[in-house]
Structure formats: C-alpha cells, structure tokens
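K.L.:
Fold the following.
(one chain, ligands or ions: 1)
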Amino acid sequence: MSNPKDNATAALVDSLNGLLADYFALYMKTKSFHWHVAGPQFRDLHLLFDEQAQEMFALTDTIAERVRKLGGDTLTSIGAIGGKSTIKDQNDTSLNAMDMVRELRDDNAALVASLKRVKDAAGEAGDNATDGLIDDWTDEAEERVWFLSQITR
Ligand SMILES: [Fe+2]
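P.N.:
So this is what the prediction gives:
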C-alpha cells in the first residue's frame, strides 16, 4: 500500500475496526446494565437499555462487512475487540441506576465523535457508501444520547 488512495483506505479500515470494537464493547456494557440495573425506574431502564443494546448489535455486521468490502480484515475475537475498543470497562454490578445512565450517555457521545472521525476517513478514502451509512449511524447514536440525557435532567 504505497499510493495515497491505498493509505487512505488502510486508515479507513483501521478506523472502522476501531468503531466496530467500540460498538461491541458498548453493546456489552449496555447489556450488563440491562441485567444489573436496580431501583424505582427498573422497568423503564431495563427495557431502554435492551432497546439500545439491540440497536448497536444490529450494526456490527454492517460495519464488519464494510471492512471486508474495502479489502481489509476485520475483528476475529473478544481479545481483538478489547485491543481496539476505546470504551472503558465497567464491572461494578451495584452501580447506581443514574450513574449507569450518565455513563452510557457519555459513552454514546464519545461514539458520536468517533463516527465523525470515521466519516472524515471515509471522505479521505473516497468511500461514498461508508460516508452515507455513517449519517444514519450518527442519527441513531445521537438519539441514544438524547434519550439518556433526558433521564438525567
Ligand atoms: Fe433481557
């Protein structure tokens, strides 16, 4: 990969794999909160976290297959996800419900910022398909941030 176009594509593949790792990690954290949340808002939060987790999981296949369509290799294992994810682990099962909501709000806001960087990389690589898809992924992530933000007001 020596010409600029190939370098740009390699950079896009790398950023898509990082994004995929973040989606898997945030899916797992959101599912954990779905399983462990407690308190007076249990039912609402239990259901909301499940909806949001399913929405993220549904995108993982699309992201991985974008990488393959670009000629790259994608993630292969939980270890590979851990090596590339920027989402911080949260293993405290007794975390306060509002602390869970705030943490997911901030993680999803960080995901929106990552999506912006991947979109820039798609533009550099001239990858119109990824560029177009990211707008929908961003709208979904911003909706998750909005829902979570409204709960903490
Ligand atoms: Fe469930």
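
K.L.:
switch to C-alpha atoms for all contacts and neighbour counts from now on
P.N.:
Fine.

K.L.:
which helix in this structure runs the most residues?
P.N.:
In the chain, assigned by DSSP state H, the helix with the most residues is helix 4-36.

K.L.:
what's it packed up against?
P.N.:
Here helix 4-36 touches helix 42-69, helix 78-84, helix 97-125, going by 3 or more Cα pairs under 8 Å, 6 or more residues apart in numbering; DSSP states H and E.

K.L.:
now the angle between helix 42-69 and that helix, please.
P.N.:
Here helix 4-36 points in a direction 160 degrees away from that of helix 42-69 (axes from the mean of the first three to the mean of the last three Cα atoms, to 10 degrees).

K.L.:
Grab the nearest non-local neighbour of the residue positioned nearest the centre of the chain.
P.N.:
With distances taken as Cα atoms, centre = their mean, the residue of the chain nearest its centroid is residue 23 (3.0 Å). Distances taken as Cα to Cα, 6 or more residues apart in numbering place residue 56 nearest to residue 23, at 6.1 Å, with adjacent residues excluded.

K.L.:
export the helices and strands packed on helix 4-36 to TSV and tack on mean neighbour count?
P.N.:
Shown next, in TSV, are the helices and strands packed on helix 4-36 (neighbours: other Cα atoms under 10 Å):
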stretch	mean neighbour count
helix 42-69	17
helix 78-84	14
helix 97-125	19
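
K.L.:
Could you pull up the residues touching the residue nearest to residue 23?
P.N.:
Neighbouring residues of residue 56 by Cα atoms under 8 Å, 6 or more residues apart in numbering: 23-24, 26-27.

K.L.:
and which of those is nearest residue 70?
P.N.:
When those are ranked by distance to residue 70 (Cα to Cα), residue 23 comes first, at 19.3 Å.

K.L.:
and that closest one, what pLDDT?
P.N.:
For residue 23, the model assigns a pLDDT of 98.

K.L.:
Next one: the nearest residue to residue 38 once chain neighbours are set aside relative to residue 52, how far apart?
P.N.:
Leaving aside its sequence neighbours, residue 38 sits nearest to residue 97 (Cα to Cα, 6+ apart; 6.2 Å). Distance of residue 97 to residue 52, given as Cα to Cα, to the nearest Å: 16 Å.
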